[in-house]
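> below is the structure, and that's it, no one-letter string:
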Ligand SMILES: Cc1ncc(COP(=O)(O)O)c(C=O)c1O
């Protein structure tokens, strides 16, 4: 299989597959262009499909478990792509990253404890904290005139002084598209250590960092505490979120054991036959698909910048360092936030509402998913521009 521009341009017809992105009730209607939820409209790499078919051909689908080969496939990938050594014994299979976030909040803190997050950030960070009866401490990111975001260390330290017990980091950051520098991460880790605050790093977007920037795994920093947890998955990287498989990586045995017990008590035992087969294939045989996809996404970034610059010249796209999600500031157009989504729907495009990531930090922003064929992206952006310009 050749993963060239034509392969990605072709996209894939997902109608009739119960795709959230294409068919979610209350969001999508016939004829709308979906540029919202973070999955992509491309066929996945052929070895994943082959692995699933191969497994399906064995007609027994009884209970299964993650074997050493699963952790080894993940470790091999992370060594190859990110130069990180992961010992198979430092991994715990999870059904999803969000299940991992919830397990971390519930096992590392007590009800009433404060947990630091940095909005705008992926919405379930907030829910993982509040639904566990913990308190959100929002050390909101700081935005400069070009739309680039940085960490507010002074705000983090204020919360640490007040006794924050845990911080959840999004690295790379969804939705602001930052690939954190090594120095930024080191400063954070050192600060948290000083106040004995634990850290969970959601690294689900690790593989979408655009050169010349590189991804720095939290576990690669010498200052990182043993009990730091990194949450990773092949789901975004290889567009297999429907398989539901993720991994917690941590060098501290007790932390992993507590996470494992929490999941067991929640009835979220891992070991979906197809998820394990697909994930193993993804981590082992699909680097060529991923490399080709990255080049395609890079071109989509240029197309997005060019068209949006032409149609909505006052909109500001945050520098696209990472992910396949663009964070767009449309406040210069003075559209009341509550109208933006309505207007977009009327014009036939679904984007992710900025307030999903933070009620105040997301006001006046929309997130555009450019993980789709270029023609779909351009059509969606045109509709977006018309929606914003409508009087
Ligand atoms: C930062 C981040 N974490 C987690 C998830 C969801 O992961 P999962 O489906 O494994 O829970 C997403 C999905 O967009 C995400 O952007």
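Okay, I see it. What you are looking at is a predicted structure, and each value in this text was computed from that prediction instead of being measured. Numbering: from 1, shown residues only.
> am I right that residue 129 is in a helix?
Yes. With DSSP: H, G, I helix; E, B strand; the rest coil as the criterion, residue 129 is assigned to a helix.
> surely it meets residue 138?
No. The criterion here is C-beta atoms under 8 Å, and residue 129 misses it with residue 138 at 9.9 Å. From N, CA and C alone the C-beta is placed, and that goes for glycine too.
> more crowded one of the two?
residue 129 (25 against 21; other C-beta atoms under 10 Å).
> any residues in contact with both of residue 129 and residue 138?
Shared contacts of residue 129 and residue 138, defined by C-beta atoms under 8 Å, 6 or more residues apart in numbering, comprise residue 117.
> what's downstream of the helix or strand hosting residue 72, the next helix or strand?
Here residue 72, judged by DSSP states H and E, is contained in helix 68-82. Following helix 68-82 in sequence order, the next helix or strand is strand 91-94 (DSSP H and E).
> what are the ranges of the helices in the chain?
Ranges of helices in the chain, per DSSP state H, are 5-10, 20-23, 46-56, 68-82, 97-108, 124-130, 153-161, 182-194, 234-237, 253-265, 273-285, 287-311, 337-346, 374-389.
> does any part of the fifth one sit near the ligand?
By that I understand helix 97-108. Yes. For helix 97-108 and the ligand, the contact criterion (C-beta under 6 Å from any ligand atom) is met by 97-98.
> get me the contact residues on the stretch 101-250 of the chain for the ligand.
Near the ligand, when you scan the stretch 101-250 of the chain using C-beta under 6 Å from any ligand atom, you find 122, 170, 174, 202, 204, 233, 235, 241, 246.
> that older thread, what's next to the helix holding residue 72, contact-wise?
Contacts for helix 68-82 (C-beta under 8 Å, 6+ apart): 84-89, 91, 93, 206-207, 215, 217, 220, 232, 234, 247, 276, 279-280, 283-284, 287.
> run a quick neighbour tally on the residue nearest to residue 385 when sequence neighbours are not counted.
Among residues not flanking residue 385 along the chain, residue 311 sits closest, at 3.6 Å (C-beta to C-beta, 6 or more residues apart in numbering). The number of residues packed around residue 311, counting by other C-beta under 10 Å, is 15.
> show me what contacts residue 311?
Residues in contact with residue 311 (C-beta under 8 Å, 6+ apart) are 381-382, 385, 389.
> and those residues as JSON lines, adding pLDDT and distance to the ligand?
JSON lines is the format used below for the contacts of residue 311 (pLDDT from 0 to 100; distance: C-beta to the nearest ligand atom, whole Å):
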{"residue": "381", "pLDDT": "98", "distance to the ligand": "21"}
{"residue": "382", "pLDDT": "98", "distance to the ligand": "25"}
{"residue": "385", "pLDDT": "98", "distance to the ligand": "25"}
{"residue": "389", "pLDDT": "92", "distance to the ligand": "29"}
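> ranking those residues by neighbours, who comes first?
Compared across the contacts of residue 311, residue 381 has the highest neighbour count, 26 neighbours, by other C-beta under 10 Å.
> any idea how far that one is from residue 268?
38 Å (C-beta to C-beta, to the nearest Å).
> what does residue 3 give?
The gap separating residue 3 from residue 268 is 34 Å, by C-beta to C-beta.
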